[in-house]
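In: dropping the sequence and predicted coords here.
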Amino acid sequence: DQQVKQNSPSLSVQEGRISILNCDYTNSMFDYFLWYKKYPAEGPTFLISISSIKDKNEDGRFTVFLNKSAKHLSLHIVPSQPGDSAVYFCAASGDSGGGADGLTFGKGTHLIIQP
Amino acid sequence: DSGVTQTPKHLITATGQRVTLRCSPRSGDLSVYWYQQSLDQGLQFLIQYYNGEERAKGNILERFSAQQFPDLHSELNLSSLELGDSALYFCASSVGDLGAGELFFGEGSRLTVL
């Protein structure tokens, strides 16, 4: 049973436009959410995170929005750049960290930025 | 470069065999995590060690075991291998065991079981 779901396996966006990646979760005990980015032949790298006490966190071109009532979060990238082409994983934790239960990851969304 | 080193990068073996994957965490990190990524699957948490002790267990099969040594490197042992064990195995590390959630991942070890 997938507790973290990324329903779009892939997404194609034109360079310069906004990319919106979505993630849904089912476990109401999750209170910390992260996005990781993965290039081919590399391990995932941390991108941005948000605590459940917030509904928005921004870091440069990346913004994560959290809607707790809908159990939904999204990652906005604006403007999208060719180097953003990668697989993006949504992850969640139930202890405000990546500790005791590990992080629960979604299956990932492959973002393709078209020139 | 995340600072997490995994060896080997690629491994091909036969069913029924046993392999060991090795991970060196970032300098100063006390926690090591193992994740499995099978085809079309997300990253599945297997097990975590913190400063030499098992801290948390996820979906790790009984045929799999791990340990963290005094120098903080970790090994994941996979035995009686089956075709379905073919996957990318990632190691990650973090400073503490209940931190801010950011894990630093290695490049992974790709295991192919024939």
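Out: The structure has been received and is ready for your questions.
In: need the contact partners of the helix-or-strand element of chain A with minimal mean pLDDT.
Out: Sorting the helices and strands of chain A by mean pLDDT, DSSP states H and E puts strand A:104-105 at the bottom, at a mean of 89. Contacts to strand A:104-105, defined as CB atoms under 8 Å, 6 or more residues apart in numbering or on different chains, come from residues A:3-4, A:27, A:30, A:36, A:89-93, B:35, B:42-45. C-beta: built from backbone N, CA, C; applies to glycine.
In: if we use 10 Å, what do you get?
Out: A:2-4, A:6, A:25, A:27, A:30, A:34, A:36, A:44, A:89-94, B:35, B:37, B:41-45, B:58 (CB atoms under 10 Å, 6 or more residues apart in numbering or on different chains).
In: now restrict these to buried residues only.
Out: Among those, the ones that count as buried by 16 or more other CB atoms under 10 Å in any protein chain shown are A:4, A:6, A:25, A:30, A:34, A:36, A:44, A:89-94, B:35, B:37, B:42-45, B:58.
In: what about the contacts of strand A:104-105, which are in helices?
Out: When DSSP state H is applied, those are split such that none fall in helices.
In: which ones among those residues lie within strands?
Out: When DSSP state E is applied, these are split such that A:4, A:25, A:34, A:36, A:89-93, B:35, B:37, B:43-45 fall in strands.
In: among those residues, which one lies nearest to residue A:67?
Out: Comparing the ones in strands among the contacts of strand A:104-105 against residue A:67 with CB to CB places residue A:25 closest, at 10.7 Å.
In: so what sits opposite that closest one in the bridge?
Out: residue A:4 (DSSP bridges).
In: one more: residue A:48?
Out: Beta-bridge partners of residue A:48, as defined by DSSP bridges: residue A:35.
In: show me the contacts for it.
Out: The neighbours of residue A:48, taking CB under 10 Å, 6+ apart as the test, are A:33-37, A:57-60, A:62-64, A:75, A:77, B:102.
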